[in-house]
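Visitor: got a sequence here, can you model it:
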Amino acid sequence: MSFTQLREIPALGKLYAGALGSAAKARMSSAKGSTTLPADRHVVSGAAVDLAKLTDFQRLVLHSATDYLPTGYVHTFAFPVAMSLMARDDFPLPLLGMVHLRNVVQHYRPIHYSEPLTVTAWAENLGGHRSGTSVELVAEVTGADGEVLWRGRSTYLAKGVFLPKTDRPGESAARPEFVPPLPTAMWRLGADAGRNYARVSGDFNPIHLSRLSAKALGMKRSLAHGMYLASRVVSDAVQTQEGPFEWTIDFESPVFLPATVAVSIHDDDAGSSWAGSTFTGWNPRSMRRHFAGTVRPLEAAAPGDGFAAATRA
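Guide: Below you'll find the predicted structure:
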């Protein structure tokens, strides 16, 4: 294992521009690309949070104003370091066109916006998928003393890319029919939802910006960022809860903009204490599910003492 020290959190716009250039060169070249993941880890030390960007993010996802970082914002802060791995010439999958499948996140304690943070990112678990090749990107955020504050694992699919010596799984069992629960909220997302999230997250992937830019990449319309949906639903689920927590989300179908998304958040019953929540979001007209996931307390995570008190400060 080796480490590459980056001077600062990379700008996603530059990474996307570089990916466009790399894709053009790859189409013109007959050389075979890498078929293995880089063993290198990318690191940014002493990174600072921009308070204005944090405030804009909180307003967008309807999170209450606080000096502590919402869990979805931590992903937004750390994600460019992981993306810099995918933008490397020796990364075996193309950055452009990646489909976001899943997130698993552990949030161990409150993170104040003034804390200097170190972000470390690496890639693992390159594997076959019935529609292409999947990969997991891991980002870990630590404090000044090396304490792990947050860890996120994101699964992506390079659709239509099949690497040699990467086995494809057999036919998966049919999913049970989705029966929508009673909604607890209805989100109405305008055609500008992707552009609005891009401004606060820096993720200017063209598939999210406009109908024209999305069509250029094979989409019928622009679509909402998966992490906008995840950040909003998870912040709603944990806004009044105590302690460290883990959340997962699986993305099943894109949210094409503009859209209405029906959402259901259900708290598990455990007497007076919070035992977790399950959530799902779907299209109320077609009844097609967009995403589903859970939020659970991390009982054994000692760093979470005083979590709720800190986040309400």
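
Visitor: just the buried residues of stretch 268-285, please?
Guide: 274, 276, 277, 278, 279, 280, 281, 282, 283 (16 or more other CB atoms under 10 Å). C-beta: built from backbone N, CA, C; applies to glycine.

Visitor: how about stretch 182-191?
Guide: Residues of stretch 182-191 classed as buried by neighbour count (16+ other CB under 10 Å): 183, 187, 189.

Visitor: shouldn't the last one be in contact with residue 254?
Guide: It stands for residue 189. No: between residue 189 and residue 254 there is no contact under CB atoms under 8 Å: 12.0 Å.

Visitor: could you measure the closest residue to residue 282 other than its chain neighbours against residue 259, distance?
Guide: Distances taken as CB to CB, 6 or more residues apart in numbering place residue 289 nearest to residue 282, at 4.6 Å, with adjacent residues excluded. To residue 259, residue 289 is 13 Å away according to CB to CB, to the nearest Å.

Visitor: just residue 47 next, same as before
Guide: Applying CB to CB, the value for residue 47 to residue 259 is 34 Å.

Visitor: was I right about residue 42 contacting residue 83?
Guide: No: assessed by CB under 8 Å, residue 42 is found out of contact with residue 83, at 9.5 Å.

Visitor: pLDDT weak spots in this structure?
Guide: 20-33, 165-173, 240, 242, 270-271, 300-313 (pLDDT under 70).

Visitor: hmm, try it at 80
Guide: Counting by pLDDT under 80, the low-confidence segments of the chain come to 13, 16-34, 62-64, 96-97, 160, 163-175, 217, 239-242, 269-274, 299-313.

Visitor: can you map out the helices along it?
Guide: Assigned by DSSP state H, the chain shows helices spanning 12-28, 51-60, 71-86, 193-201, 211-216, 226-238, 307-311.

Visitor: if we can go back for a sec, joint contacts of residue 189 and residue 254?
Guide: residue 224 (CB atoms under 8 Å, 6 or more residues apart in numbering).

Visitor: circling back: quick one, which of residue 47 and residue 259 is more surrounded?
Guide: The residue with more neighbours, out of residue 47 and residue 259, is residue 259; 20 against 17, by other CB atoms under 10 Å.

Visitor: roughly how far does the more buried one sit from residue 61?
Guide: Distance from residue 259 to residue 61, counting by CB to CB: 16 Å.

Visitor: circling back: which one of the buried residues of stretch 182-191 is nearest to residue 98?
Guide: Distance to residue 98, by CB to CB, is smallest for residue 189 among the buried residues of stretch 182-191, at 21.7 Å.

Visitor: ok, that closest one to residue 196 distance?
Guide: In terms of CB to CB, residue 189 sits 9 Å off from residue 196.

Visitor: just checking, residue 199 touches residue 57?
Guide: No: counting by CB under 8 Å, residue 199 sits too far from residue 57 to count as a contact (9.8 Å).

Visitor: gap between stretch 150-165 and the chain center?
Guide: 13 Å (CA atoms, centre = their mean, to the nearest Å).

Visitor: CA atoms of that stretch as PDB?
Guide: Provided in PDB are the C-alpha atoms of stretch 150-165 (Å, rounded to 0.1, in the frame of the first residue of the first chain):
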ATOM      1  CA  TRP A 150     -16.800   9.300   9.600                       C
ATOM      2  CA  ARG A 151     -16.400   6.500   7.000                       C
ATOM      3  CA  GLY A 152     -18.300   6.000   3.800                       C
ATOM      4  CA  ARG A 153     -18.400   3.300   1.300                       C
ATOM      5  CA  SER A 154     -19.900   4.000  -2.100                       C
ATOM      6  CA  THR A 155     -20.600   1.400  -4.800                       C
ATOM      7  CA  TYR A 156     -20.600   2.400  -8.500                       C
ATOM      8  CA  LEU A 157     -21.300   0.500 -11.700                       C
ATOM      9  CA  ALA A 158     -19.500   1.000 -15.000                       C
ATOM     10  CA  LYS A 159     -22.400   0.000 -17.100                       C
ATOM     11  CA  GLY A 160     -21.500  -2.000 -20.200                       C
ATOM     12  CA  VAL A 161     -17.900  -2.300 -19.200                       C
ATOM     13  CA  PHE A 162     -16.800  -6.000 -18.800                       C
ATOM     14  CA  LEU A 163     -13.200  -6.500 -17.700                       C
ATOM     15  CA  PRO A 164     -11.400  -9.800 -18.500                       C
ATOM     16  CA  LYS A 165     -11.100 -12.200 -15.600                       C
END
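
Visitor: buried stuff in that stretch?
Guide: For stretch 150-165, burial by neighbour count (16+ other CB under 10 Å) applies to 150, 151, 152, 153, 154, 155, 156, 157, 158, 161, 163.

Visitor: got a markdown table for these, with distance to residue 264 too?
Guide: Converted to a markdown table, the buried residues of stretch 150-165 look like this (distance: CB to CB, whole Å):
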| residue | distance to residue 264 |
| --- | --- |
| 150 | 26 |
| 151 | 27 |
| 152 | 24 |
| 153 | 25 |
| 154 | 24 |
| 155 | 23 |
| 156 | 26 |
| 157 | 26 |
| 158 | 32 |
| 161 | 35 |
| 163 | 38 |
